[in-house]
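**Q** Quick one, what's the 3D model for this:
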Amino acid sequence: MPSQIAVIGAGEMGHGIAELAALNGFSVRITDVKQEFIDRGMERIRASLGKLVKNRQVTEAQSVAAIERITPTLDLRETVRGADVVIEAVLEDLDLKKKLFAEIDGLAPPHAILASNTSGLSITAMGRATKRPDRVVGMHFFNPAVLMPLIEVVKGDDTSAKTVREAEALARAFKKTSVVCRKDVPGFITSRTIAPYMLEAAWIHHEEGIPKEAIDSALRFKVGFPMGPFELADQVGIDLVVYATEKAGIAAPPPMKDLVAAGKFGRKSGEGFYSYRGGGRPTIMPDLGKGFDPARILAPVINVAAGLVEDKVANVEEIDEAMRLGTAFPLGPLALGDALGLDTVLATLRGSRRHTPTKILETMVARGDLGEKSGKGFYEHPKEEGAMVYQTILVSRDPESGVATITLNRPDR
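**A** Numbers count the residues shown, from 1 in each chain. The predicted model follows:
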C-alpha cells in the first residue's frame with residue numbers, strides 16, 4: 001500500500017483530494033504553478049476541515065493531524081520525490097496534461113503510479129506521453145472529494161491490470177467506492193452519461209421555447225433528481241459543459257454558447273441560466289413541470305448508458321452504481337429505463353432527430369424485454385403477489401391482519 005501521495009494542482013479538485021488523502025493517513029505533498037494558488041488551496045483545506053469538525057464528522061485531533069501530513073511546495077520535483085502515487089488535478093486541457101505527464105514521468109520514482117483526475121479526457125494519450133503507460137490510470141474524484149462516495153477508475157489502452165487493482169485498493173483506503181471504466185471512451189461512464197441530461201434540455205428549450213423552470217421542475221419533482229438539468233449546468237459550469245461538448249466534436253446548444261459568450265458561466269460567476277447573486281438556489285415550484293414529459297430528457301441518457309453496456313465499458317450494475325454515487329441519478333439510468341419502459345424509451349428516441357437508438361435497446365424491445373412491466377429488462381423484475389412496487393419502496397399488505405409493511409430500498413442514501 002502506498003504511503004506518499006503527490007497532488008498536482010491545488011484548485012477545486014486538487015485541494016480536496018489532498019485533504020482526503022491526509023485524513024486517511026497518507027503523507028501528502030501538493031503543488032501548483034503559483035504560490036497564491038497553493039496558499040488558497042491550503043486555506044480551503046483548513047476551512048473544510050473546520051466544517052467537518054463542527055459537524056462532528058472528524059475530531060479536532062484528526063483535523064490537526066491531517067494538516068500536519070500535508071506539505072505544500074512550489075517545486076514540482078520536490079512534490080513528486082518519493083511519491084508512490086501522483087494524482088494530477090489541473091485544467092481539463094489534454095495538451096497541458098500530456099506535457100505535465102511527460103515532465104512528471106522524468107521526476108517521479110519508477111514504481112509510482114501516475115493518475116489523472118480528468119472527468120473524461122484520454123488516459124491513453126496521457127500514458128503515451130510517458131515511458132510508463134502501463135502505470136498511468138484515471139482516478140476521477142467527485143466534488144467535494146472528501147464527501148462524495150465514488151472514485152471512477154479508468155483503464156487506458158495500455159494500463160496494466162496490476163495498476164487498475166492498485167488504484168482500486170487506493171480508493172478503498174480513501175474509504176470510497178470505486179467503479180472501473182474498462183475502456184478509455186470519452187467522458188468515461190459518468191460524464192458521458194450525464195451530458196445529454198443537460199444538453200438535450202438546452203436544445204428543447206432553444207427549439208421549442210419550453211421554459212427552463214418547467215423542465216427543471218419536471219425532472220426534480222416527477223423523477224427525483226436533486227437538480228434539474230439547467231441548475232445542474234449552472235453548478236458544473238456552463239463554460240466547462242460547452243468546452244467538453246465541442247472538444248468531443250458535438251455542437252453545443254445555442255443558449256449555452258450565448259451564456260458563455262456573455263461571461264455567464266453559472267453559480268461560480270453569479271449568473272448562468274439562473275441568477276445566484278442573492279445566494280441560495282433557484283426557486284422551482286413542483287407544479288411548473290406538470291405539462292412536460294421527463295422521458296424526453298431521460299431517453300437520450302438511458303441510450304448512452306445502454307451503449308456503454310453494448311460496448312462492454314462496464315456492466316449494468318456498475319453503470320447504475322456509478323451514476324447513483326457520482327451524480328445522484330435516481331435509481332441509475334438503466335434501472336430507470338426499466339421503470340419507464342424500454343419501449344417508451346425507444347419510441348422517444350425514434351421521435352428525435354438528434355439521437356439514434358443503440359442496437360441493444362432495439363434488440364431488447366424486439367424480444368419483449370421492456371423492463372418492469374414485462375418482468376425483465378436490464379434487470380430481472382419478479383412479481384411478488386400482494387405487493388405494490390414503487391421505484392424505491394416496496395409496500396406489502398397482509399390480507400388477514402390488514403397490516404402493511406413498507407420496505408425502503410435506497411442503499412446509497
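
**Q** count of residues packed around K373?
**A** 15 (other CB atoms under 10 Å). (C-beta placed from N, C-alpha, C; glycine too.)

**Q** wait, isn't L114 in contact with D84?
**A** No - L114 is not in contact with D84 according to CB atoms under 8 Å; the separation is 11.0 Å.

**Q** More neighbours: these two, which one.
**A** Neighbour tally, L114 and D84, criterion other CB under 10 Å: the higher count belongs to L114, 28 against 19.

**Q** What segments of the stretch 1-150 of the chain are helices?
**A** Shown for the stretch 1-150 of the chain, the helices assigned by DSSP state H, counting those that start in this stretch span residues 14-23, 35-54, 60-69, 76-80, 94-107, 123-127.

**Q** mind putting those helices in CSV, mean neighbour count, mean pLDDT and distance to G187 included?
**A** Supplementary listing: the helices of the stretch 1-150 of the chain in CSV, determined by neighbours: other CB atoms under 10 Å; pLDDT from 0 to 100; distance: least, CB to CB, whole Å:
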stretch, mean neighbour count, mean pLDDT, distance to G187
helix 14-23, 27, 98, 20
helix 35-54, 16, 97, 27
helix 60-69, 15, 98, 32
helix 76-80, 19, 97, 28
helix 94-107, 17, 97, 13
helix 123-127, 24, 98, 12
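
**Q** So which of the ones you listed is nearest G375?
**A** Judged by CB to CB, the one of the helices of the stretch 1-150 of the chain that comes nearest to G375 is helix 123-127, at 39.0 Å.

**Q** need the contact list for the closest residue to V146 other than its chain neighbours.
**A** Of all residues not flanking V146 in the chain, L20 sits nearest, at 5.1 Å (CB to CB, 6 or more residues apart in numbering). Listed by CB atoms under 8 Å, 6 or more residues apart in numbering, the contact set of L20 reads F141, A145, V146, F174.

**Q** Keep only those of the residues you listed that are in strands.
**A** With DSSP state E as the criterion, strands contain F141 from among these.

**Q** who's the closest residue to T79 other than its chain neighbours bridged to?
**A** Nearest residue to T79, sequence neighbours excluded (CB to CB, 6+ apart): T31, at 4.1 Å. Applying DSSP bridges to T31 gives these bridge partners: I8.

**Q** List the contacts of the strand or helix carrying E362.
**A** Taking DSSP states H and E as the criterion, E362 maps to helix 359-366. Contact partners of helix 359-366, identified using CB under 8 Å, 6+ apart, comprise 302-303, 306-307, 309-310, 342-343, 345-346, 349, 370, 377-378.

**Q** residue ranges for the strands of the protein, please.
**A** Under DSSP E, the chain gives strands at 4-8, 27-31, 70-72, 85-88, 113-116, 136-141, 150-154, 177-181, 387-389, 393-397, 404-408.

**Q** Burial check on V365, number of neighbours?
**A** Counted with other CB under 10 Å, the neighbours of V365 add up to 21.

**Q** Against R296, how distant is it?
**A** 18 Å (CB to CB, to the nearest Å).

**Q** and what of D343?
**A** Here the criterion is CB to CB. By it, D343 lies 15 Å from R296.

**Q** Check what pLDDT K247 gets.
**A** Predicted confidence (pLDDT) at K247: the value is 82.

**Q** cool, D287 as well?
**A** pLDDT at D287 comes out at 93.

**Q** Not counting sequence-adjacent ones, nearest residue to it?
**A** Nearest to D287 is S217, by CB to CB, 6+ apart, at 7.5 Å.

**Q** Next, count neighbours for the one you found.
**A** 22.

**Q** before we move on, what about N55?
**A** For N55, the neighbour count with other CB under 10 Å is 8.

**Q** Quick check: the gap between it and I297.
**A** For N55 relative to I297 (CB to CB), the value is 34 Å.

**Q** so what's the backbone phi/psi at A112?
**A** Per-residue torsions, A112: phi -70, psi 140 (degrees, to the nearest 10).

**Q** List of residues touching stretch 63-75?
**A** 10, 18-19, 22-23, 25-32, 34-35, 38-39, 41-42, 45-46, 49-50, 52-53, 58, 79.

**Q** what about 6 Å?
**A** 18, 22-23, 27-31, 35, 38, 42, 49, 53, 79 (CB atoms under 6 Å, 6 or more residues apart in numbering).

**Q** From one end of that stretch to the other, what's the distance?
**A** Distance between the boundary residues of stretch 63-75 (CA to CA, to the nearest Å) amounts to 25 Å.

**Q** Now do that stretch: distance to the chain's middle.
**A** 27 Å (CA atoms, centre = their mean, to the nearest Å).

**Q** Also stretch 126-133?
**A** 25 Å.

**Q** Identify the residue nearest V179 in space, chain neighbours excluded?
**A** Among residues not flanking V179 along the chain, A322 sits closest, at 4.2 Å (CB to CB, 6+ apart).

**Q** neighbours around the residue lying closest to M139 once chain neighbours are set aside, how many?
**A** Nearest residue to M139, sequence neighbours excluded (CB to CB, 6+ apart): A115, at 4.2 Å. For A115, the neighbour count with other CB under 10 Å is 32.

**Q** Tell me the spacing between the residue nearest to V179 and F329.
**A** Separation of A322 from F329 (CB to CB): 9 Å.

**Q** same thing with R354?
**A** Counting by CB to CB - R354 and F329 are separated by 21 Å.

**Q** These two: who's more crowded?
**A** Of the pair R354 and F329, F329 is the one with more neighbours under other CB under 10 Å, namely 27 against 14.

**Q** Could you tell me which residues make contact with the more buried one?
**A** F329 makes contacts with M323, as judged by CB under 6 Å, 6+ apart.

**Q** Can you list phi and psi of it for me?
**A** Dihedral pair for F329: phi -70, psi 120, per degrees, to the nearest 10.

**Q** What distance do you get for it to S122?
**A** Taking CB to CB, one finds F329 at 24 Å from S122.

**Q** Repeat that for T344.
**A** Taken as CB to CB, the span from T344 to S122 is 35 Å.

**Q** wouldn't the residue nearest to V179 be in contact with F188 here?
**A** No - A322 is not in contact with F188 according to CB atoms under 6 Å; the separation is 8.6 Å.
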